[in-house]
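K.L.:
Structural data only, the sequence is not supplied:
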């Protein structure tokens, strides 16, 4: 699912939502066909056993949806928090460059500005994988240059405060950046999504089978069921990839942009 969204952005998200809706609706139609096949074959459609199995499947589906939704929402909030944390850490480290003497201080400030520009570009380039990789590589290069020069200049500083205050602040900023990158790759195993989809389709099949025995096809009920389940599944996926679908964390990048605008 993530690769589909990654390649097409929010358009892929809309396509995914419609695909889920159509597949659930088809599964319900198949359930109705199974019922009709049994009637045409002169058999009495099963009701009691099917009800027990369907109840168990829907109970398991509800539990799995609750589990995945809670995890996705938690990771979404964590990613937003990390953006603010990185902005604070970068702002602190940039201010502590004042502990160094000119001209090294001015050179490091310019390098720091370029580093933050590269970080911002990396996240704004999504879903273009090539641009993201280039921006991250550029940020890593500037990070290494910034750290090496800061260590060297701190050792030349007349007071120990430069080493004691500047280097830990830089380290915190770089650690948060690494944590942010790792958080973008933190998702449930693919088997969880496969199980969620499988249970949704099986549940829809049983729902269609059960509704078939209650008279003519009720399109309103089937559409309501399909839309509700499809949108729930879509929101779970969208929360897991908050830079690719409709639910996004882009507005939180403005916190980093404010820090960048304040780097004079």
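P.N.:
Yep, that arrived. Just so it is clear, the structure is predicted and the values come from calculations on it, not from any experiment. Numbering: from 1, shown residues only.
K.L.:
So which bits of the helix or strand where residue 119 lies are buried?
P.N.:
Using DSSP states H and E, residue 119 falls within helix 104-124. Within helix 104-124, the residues that count as buried by 16 or more other Cβ atoms under 10 Å are 104, 107-109, 111-112, 114-123. C-beta: built from backbone N, CA, C; applies to glycine.
K.L.:
For the residue nearest to residue 132 when sequence neighbours are not counted, give me its contacts.
P.N.:
Of all residues not flanking residue 132 in the chain, residue 125 sits nearest, at 4.8 Å (Cβ to Cβ, 6 or more residues apart in numbering). Residue 125 makes contacts with 131, 132, 135, as judged by Cβ atoms under 8 Å, 6 or more residues apart in numbering.
K.L.:
What count of nearby residues applies to residue 247?
P.N.:
The local packing of residue 247 (other Cβ atoms under 10 Å) involves 18 other residues.
K.L.:
Now for it: which residues touch it?
P.N.:
So residue 247 contacts 76, 235, 238, 239 (Cβ under 8 Å, 6+ apart).
K.L.:
One more pass at 10 Å, please.
P.N.:
When contacts are counted by Cβ atoms under 10 Å, 6 or more residues apart in numbering, residue 247 touches 10, 13, 72, 76, 234, 235, 237, 238, 239, 240, 241.
K.L.:
Relative to residue 245, how far out is residue 253?
P.N.:
Noted for residue 253: a distance of 16 Å to residue 245, by Cβ to Cβ, to the nearest Å.
K.L.:
Looking at those two, which is more packed in?
P.N.:
The neighbour count for residue 253 versus residue 245, taken as other Cβ under 10 Å, is higher for residue 245 (22 against 18).
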